[in-house]
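# Below is the structure, and that's it, no one-letter string:
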């Protein structure tokens, strides 16, 4: 059997580079006092995570400026390698019209059907990442 991969901590620059390659992650928020995880389409605006929603718990978390987490990853079960990035911060609704126009990229539209009229920003107050990399010999 091969050697175990090594665990490497990622700096913020590498975390952002990796997040920039993906379109889907997971938003973690509190709904009725319980943690909830929803898959979401996202984009980046600087260090912040941007997503759209129609309502529900994600919107309620943003309206209350709740502390939320966001996670995205790429994993390869065949090689037992991959990476994960976690962003923690406060969610907020984007209301400024100029900012909404700047964030309205057609390529960033959600995959889920329905109206997604609300734009949420997660201010990246903390960003951590880890990579399981092949052991170098």
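Yep, that arrived. Keep in mind it's a predicted model, so treat the numbers as computed, not measured. Numbering: from 1, shown residues only.
# which outside residues touch stretch 23-40?
Stretch 23-40 has contacts (CB atoms under 8 Å, 6 or more residues apart in numbering) with 19, 41-43, 49, 51, 53, 56-58, 60-61, 66, 68-72, 91, 108, 110-111, 122. In short, each C-beta sits where N, CA and C put it, glycine included.
# For this protein, give me the ranges with low pLDDT.
Applying pLDDT under 70 to the chain flags the ranges 1-3, 101-103, 105-116, 136-137.
# Could you list the paired strands of the longest strand anywhere in it along with their orientation?
Secondary structure of the chain per DSSP state E: the longest strand is strand 81-93. With DSSP bridges as the test, strand 81-93 is paired with strand 67-76 (antiparallel), strand 118-122 (antiparallel), strand 126-133 (antiparallel).
# Tell me who's in contact with the most centrally placed residue in the chain.
Geometric centre of the chain, nearest residue: residue 70, 4.0 Å, by CA atoms, centre = their mean. Neighbouring residues of residue 70 by CB under 8 Å, 6+ apart: 25, 26, 27, 28, 42, 49, 86, 87, 88, 122.
# Now do the buried residues in the helix or strand where the third one lies.
This points to residue 27. In this assignment (DSSP states H and E), residue 27 forms part of strand 24-31. By neighbour count on 16 or more other CB atoms under 10 Å, the buried set for strand 24-31 is 25, 27, 28, 29.
# got it, and stretch 85-100?
Buried residues in stretch 85-100, counted by 16+ other CB under 10 Å: 85, 86, 87, 88, 89, 90, 91, 92, 94.
# go on, stretch 58-67?
Buried, per 16+ other CB under 10 Å, within stretch 58-67: 58, 59, 60, 61, 62, 66.
# I would like the residues contacting that stretch, please.
The contact list for stretch 58-67, computed with CB under 8 Å, 6+ apart, reads 27, 29-31, 38, 40, 51, 53, 68, 88-93, 118, 120-121.
# again, 6 Å this time
27, 29, 53, 68, 90, 91, 92, 93, 118, 120 (CB atoms under 6 Å, 6 or more residues apart in numbering).
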